[in-house]
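Peer 1: okay, sequence plus prediction incoming.
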Amino acid sequence: MMWTLSFWRALLERALKSAAHGGLLAVGSDALAADAFYFDWDKMAGFAVGGFILSALTSIASGAVTDGSPSLTNAEVLPANPSYDPLHD
């Protein structure tokens, strides 16, 4: 189940969220709004990429020790049919 499209979609969603969290962490509370031209964009990108990679690795590790779900607690149940689209069922 770990090599299904559903697994990789769930992994990607988690990783993108973590990338956004990492980028916002680098920004701080008001650093970007105060000085966008002199902000350290490389630092922000580094935090975002780091968050993305760590989240993806965590999802893969979770899939290896569970039934193939990127959720370690199996709180998310992936559909058995890889073509399943929950937005258009």
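Peer 2: That came in fine, so what should we check first?
Peer 1: all contacts plus neighbour counts: C-alpha atoms, from now on.
Peer 2: Noted.
Peer 1: not counting its neighbours along the chain, what's nearest residue 46?
Peer 2: residue 23 (7.9 Å; CA to CA, 6 or more residues apart in numbering).
Peer 1: before we move on, what about residue 76?
Peer 2: Here the residue nearest residue 76, using CA to CA, 6+ apart, is residue 69, at 7.3 Å.
Peer 1: just say helix, strand or coil for that neighbour.
Peer 2: coil (DSSP: H, G, I helix; E, B strand; the rest coil).
Peer 1: residues near it, how many?
Peer 2: The burial count assigned to residue 69 is 26, neighbours taken as other CA atoms under 10 Å.
Peer 1: pull out the buried positions in the strand or helix carrying residue 52.
Peer 2: Using DSSP states H and E, residue 52 maps to helix 41-65. The neighbour-count check on helix 41-65 (16 or more other CA atoms under 10 Å) flags 44-45, 47-53, 55-56, 58-63 as buried.
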